[in-house]
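**Q** Next input, structure requested:
(chains A and B)
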Amino acid sequence: MSDTCDAQQVRRPPSGKSLGFRAEWGPLLALCAIVLLFAVLDAVWGSGRFASIRNLRVVLNQTSIVAVAALGMTLVIVSGGIDLSAGTALSLSATIMAYCLKENWPVAATVAVTLGVGCACGLVNGGLIAGLRVVPFIVTLGTMTVYLGLGKILCDESTVFPSYEQIPGWLHSLCSTRPPDLVWQFVPNVPPGVLLAGLCAVIVAAVLHFTVFGRYVFALGSNEMTARLCGVNIPLMKVAVYCLAGLFTGIAGMYHFATLKIGNPTEGVGLELQIIAAVVIGGGSLSGGRGSVSGALAGAAIMAVIRSGCDQLEVPNPYQEILIGVIIIAAVALDRLRGMQRA
Amino acid sequence: MARLGIVIVVLLAGCSGGRVESAKTQTAGASKQVWRIAVIPKATSLQYWKSVRAGAERAAREAGNIEIIWKGPAQESNSAGQIEVVRNMITQKVDGICLAPNHSEALVSVVQEANDESIPVVLFDSGLAGDAKHVSFVASDNRHGGQIAAQRLAEVLGDKGNVILMRYRAGSESTEERETGFLDEIARHPGIRVLSSDQYGEATAKSAMEKANQLLLKYQGDVNGVFAVCEPNCHGLLQALEQAGLAGKVKFVAFDPSDMLIKAMEQGKLHGIVLQDPVNIGYLAVKTMADHLSGRKVENRVPTGEHVATPENMATEKIRSLLNPEMFGESK
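**A** This next block holds a predicted model:
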């Protein structure tokens, strides 16, 4: 990315030469390769069910939870920030949702509060980062445990569980992977949450690539100083980016609740690393200015596919964990190598 | 393409490493039909689960036509991770699932999913709330375990003094039963007062130690006896007692053994360990599933027994075998 103060350059959509065909499609290609590899290995050694319609549903469902949160994280990382509080903010939203349902709140209010809490968490992060001028890593390191503590207070250091009847039907089915395999005889049955995640992804991609806001996000992450000189309102942008990211954290919290049916604030601890990993595997740069929605989705899917594939092949957990770690490093290292070739 | 190359190499390395280990678990099924049973513990790292696995593998060996797929979530406290494992096992169309649910509510819907796919489920170690169908529930009577812990603590305290109960974490059915049993029984000993019973040690020895440090500081001088309800928490509590210079002075009853706790009992720092029979739990879980699969009738509640080890009885053969249960991967 350019370091000169050139409004034209800063505002240029990031889909041009700077992010060429290979960079955009690398993570997707890697995903296809990993799927193919597991399908072959499973057909030879496993039970041959890795490439089944049921597994498509299970893996997509598993992907969607991390993916929705990764959409928000993509915005944050592209803008040159990081959000370590995403995991606990997510489970705080889920806990709030469980709490509201248990208290028999109307469904619309429950959803509004759930998403609102996600936004509020982002707002606090953005406000502190912009207002105190403390680096995002430190601010969100702090809010990470703040949100965990708030969640624990809310559920009285226990877990909140609404009864089956208190949970609306659509929430039961949002992340359900129960049968049937097919709907209308030939369409693979995927949970509604996957479709919603897809819709969210399209919206975020459109915002990033076709709006002034999106260009400002890239400008902010590429070079904050330059962006400021070009007239971007830096504090306002930061607050907006974190707040918008918080909205997706809230949606992911809703998914989390739909999966667990309980509100437990400690469940989200460590989840932020999966979310960040999804963005990074997808080509996001922690120094800002780079990252894509398709990459983040592919990154989230790659991790879900590896877990599923390893389970199908009966690979023990330790190898699975090592594998995911190696893939994160390899993806970023290769990305960097390619960047050097370009330069 | 370089990225793909590396990914493939890594995957192959990972998989071949994995295959070696899983190959060991396969039993020679000869010509009979081989049942593939997924056994899903709460976690895989604690000694306790290695003993459960040893029992499960033994049941498989004895039956001769069972293949065990042993797969747990990486972290003990993670229900979402366990749900994913159960779903992947349903995808694999295993013949049966033996599950130790990490949370009594969170795992309900995924057990219903197994029901939908006509895969029978045996629950072991911990129960499940709600109405998900399961073939049988194979576990210690944890409430009774808590009661005998309270009896032992009352015995060493001479029926008078102040005690602390450090809880594990909310939503874990087995440990909540132990806590309830303990408090019920303590209530029958009017000379004993409970100083604190609302603090949670959480999932790791470290978190339990920090909590125990604070508790011991707060009730310094008043506390005469302590009880913690599972292995990592007992480790943490023991460390905290030693650091506070109270080990041996404050009476301590633990739940589930480990090498460190047994050593502490030999040194007089620990006055009782409630023992379950993890090998038996794993054995009976798989055996019950095998019986069900071959059409035999099974009990819907299978008890597995619980005992107290004390410095006095720890040399007897029965207690010794429970204190050092067989573990998977160790030749015995």
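**Q** can you tell me how far A:Ala130 sits from A:Pro136?
**A** 10 Å (CB to CB, to the nearest Å). The way it works is simple: take the backbone N, C-alpha and C, and place the C-beta from them, glycine included.
**Q** what is in contact with these two at once?
**A** Counting by CB atoms under 8 Å, 6 or more residues apart in numbering or on different chains, A:Ala130 and A:Pro136 have no contacts in common.
**Q** mind checking the end-to-end distance for stretch B:94-111?
**A** 14 Å (CA to CA, to the nearest Å).
**Q** my bad, stretch B:61-73
**A** 25 Å.
**Q** pLDDT weak spots in the stretch 1-150 of chain B?
**A** B:1-32, B:76-77 (pLDDT under 70).
**Q** Neighbours of the closest residue to A:Pro168 other than its chain neighbours, how many?
**A** Leaving aside its sequence neighbours, A:Pro168 sits nearest to A:Val107 (CB to CB, 6 or more residues apart in numbering or on different chains; 5.2 Å). Using other CB atoms under 10 Å in any protein chain shown, A:Val107 has 13 neighbouring residues.
**Q** For A:Val107, what are phi and psi?
**A** For A:Val107, the backbone dihedrals (degrees, to the nearest 10) come out as phi -60, psi -40.
**Q** Break down the stretch 201-332 of chain B into its helices, ranges please.
**A** B:205-218, B:231-243, B:259-266, B:278-293, B:317-323 (DSSP state H, counting those that start in this stretch).
**Q** Nearest approach to chain A belongs to which of the ones you listed?
**A** Chain A lies closest, by CB to the nearest CB, to one member of those: helix B:205-218, at 10.2 Å.
**Q** okay if I get the helices of the stretch 201-332 of chain B as a markdown table plus mean pLDDT and mean neighbour count?
**A** Listed next are these as a markdown table, based on pLDDT from 0 to 100; neighbours: other CB atoms under 10 Å in any protein chain shown:
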| stretch | mean pLDDT | mean neighbour count |
| --- | --- | --- |
| helix B:205-218 | 89 | 18 |
| helix B:231-243 | 92 | 23 |
| helix B:259-266 | 91 | 17 |
| helix B:278-293 | 95 | 25 |
| helix B:317-323 | 90 | 15 |
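**Q** ok, and for the helix or strand containing A:Leu41, which residues are buried?
**A** Using DSSP states H and E, A:Leu41 falls within helix A:21-45. Under the neighbour-count criterion of 16 or more other CB atoms under 10 Å in any protein chain shown, helix A:21-45 has A:23-28, A:30-31, A:33-35, A:37-39, A:41-42 buried.
**Q** before we move on, what about stretch A:268-279?
**A** Under the neighbour-count criterion of 16+ other CB under 10 Å, stretch A:268-279 has A:268-269, A:271-272, A:274-279 buried.
**Q** Identify all contacting residues around that stretch.
**A** A:66-67, A:69-70, A:73-74, A:77, A:82-92, A:94, A:144, A:148, A:256, A:291, A:295-297, A:299-300, A:303, A:324, A:328, B:75.
**Q** now swap in stretch A:294-306 and tell me
**A** A:24, A:26-28, A:30-31, A:34-35, A:38, A:59-60, A:62-63, A:66-67, A:70-71, A:73-74, A:201, A:205, A:274, A:277-284, A:320, A:323-324, A:327, A:331.
**Q** Likewise for stretch B:110-123?
**A** A:176-179, B:83, B:86-87, B:90, B:93-101, B:128, B:132-139, B:285, B:288-289, B:292-293.
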